[in-house]
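Asks: structure of the sequence below:
(one chain, ligands or ions: 1)
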Amino acid sequence: MVRVKICGLTRLEDALLAEALGAYALGFVLAPGSRRRLAPEAARGISRALGPFVVRVGVFRDQPPGEVLRLMEEARLQVAQLHGAEPPEWAEAIGRFFPVIKAFSLDGPARPEWAGYPAWALLLDSPSPGSGKPYPRAWAEPLLGTGKRVILAGGITPENAPEALALRPYAIDLASGVEEAVGVKSRARLEALFARVRAFMMGA
Ligand SMILES: O=C(O)c1ccccc1NCC(=O)[C@H](O)[C@H](O)COP(=O)(O)O
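Replies: As a prediction, this is how the structure comes out:
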């Protein structure tokens with residue numbers, strides 16, 4: 001089973017297309033400073049138009065639990081992804097209401113101690129989230145096989161996705177690799193990605 005999260009959605013048409021192609025989760029950036037940032041009401045409009053069986057993920061960075069919980073409710077989202085230096089206590093406070101994904105930026109091999117962070121899954125990303133910059137996928141290995149769910153992100157594209165899939169992560173996550181402009185997904189690139197994922201599954 002390979003789960004695909006398409007992140008940084010800003011348009012309803014792109015979210016509906018990603019859902020139709022088989023995305024398991026869709027990410028909406030509510031963190032300040034991102035060129036993909038959506039207002040909560042815009043994310044709510046997209047979330048309300050999607051089917052019931054695709055997971056809506058809110059993406060945050062260094063925003064305190066009260067702000068995250070308010071935005072999650074306002075935007076009608078279901079999972080909180082924390083992309084900053086959030087202390088475990090923040091994740092525990094948010095985790096009382098929503099499943100939490102904790103993102104870590106890799107500038108070298110993943111640290112085994114991250115497995116102790118109170119999150120439902122760990123997302124291993126490049127140092128600059130949303131940049132389309134990859135890293136050596138072997139850097140994820142210290143956390144694979146620990147029993148912790150690992151989501152691989154950071155510069156994944158339809159072309160290099162098999163390298164990430166071969167590590168059999170809990171999921172893969174993409175923003176830039178399926179875009180024609182920042183925040184604007186490409187139909188052709190989304191279709192190419194899901195074709196590569198299906199081909200990998202058939203051959204796995
Ligand atoms: O996508 C952004 O603009 C972003 C900004 C700030 C924090 C997180 C952000 N994205 C979160 C994601 O989960 C991205 O999909 C992930 O960083 C991978 O991005 P990419 O390398 O562009 O595929």
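Asks: helix/strand/coil for residue 124?
Replies: Recorded secondary structure, residue 124: strand (DSSP: H, G, I helix; E, B strand; the rest coil).
Asks: count of neighbours near the nearest residue to it once chain neighbours are set aside?
Replies: Leaving aside its chain neighbours, residue 124 sits nearest to residue 140 (5.0 Å; criterion: CB to CB, 6 or more residues apart in numbering). Quick note: C-beta positions are derived from backbone N, CA and C, even for glycine. Residue 140: 21 surrounding residues under other CB atoms under 10 Å.
Asks: next one: phi and psi at residue 140?
Replies: phi -80, psi -20 (degrees, to the nearest 10).
Asks: I figured it hits residue 108, correct?
Replies: No. Using CB atoms under 8 Å, residue 140 is not in contact with residue 108; the gap is 11.4 Å.
Asks: quick check: neighbours shared by those two?
Replies: With contacts defined as CB atoms under 8 Å, 6 or more residues apart in numbering, no residue is adjacent to both residue 140 and residue 108.
Asks: got the residues of the protein near the ligand?
Replies: 7-8, 27, 29, 31, 34, 36, 59, 61, 83, 125-126, 129-132, 153-156, 173-177 (CB under 6 Å from any ligand atom).
Asks: from those, which ones fall inside strands?
Replies: Among the residues of the chain next to the ligand, the ones falling in strands (DSSP state E) are 27, 29, 59, 125, 173, 174.
Asks: look up how far residue 49 lies from residue 15.
Replies: Going from residue 15 to residue 49 by CB to CB, to the nearest Å gives 8 Å.
Asks: who's more crowded, the two?
Replies: With neighbours defined as other CB under 10 Å, residue 15 and residue 49 compare such that residue 15 has more, 24 against 11.
Asks: list the contacts for the more buried one?
Replies: Going by CB under 8 Å, 6+ apart, residue 15 touches 9, 26, 46, 49, 50.
Asks: 10 Å instead, please
Replies: Under the criterion of CB atoms under 10 Å, 6 or more residues apart in numbering, the neighbours of residue 15 are 6, 9, 23, 26-28, 43, 46-47, 49-50, 54, 56, 185.
Asks: element containing it, please.
Replies: Per DSSP states H and E, residue 15 falls inside helix 12-21.
Asks: so for that helix, mean pLDDT?
Replies: Helix 12-21 comes out with an average pLDDT of 98.
Asks: reformat the contacts of residue 15 as JSON lines; add distance to residue 201.
Replies: Shown next, in JSON lines, are the contacts of residue 15 (distance: CB to CB, whole Å):
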{"residue": "6", "distance to residue 201": "17"}
{"residue": "9", "distance to residue 201": "23"}
{"residue": "23", "distance to residue 201": "15"}
{"residue": "26", "distance to residue 201": "20"}
{"residue": "27", "distance to residue 201": "22"}
{"residue": "28", "distance to residue 201": "26"}
{"residue": "43", "distance to residue 201": "30"}
{"residue": "46", "distance to residue 201": "27"}
{"residue": "47", "distance to residue 201": "27"}
{"residue": "49", "distance to residue 201": "28"}
{"residue": "50", "distance to residue 201": "23"}
{"residue": "54", "distance to residue 201": "18"}
{"residue": "56", "distance to residue 201": "24"}
{"residue": "185", "distance to residue 201": "22"}
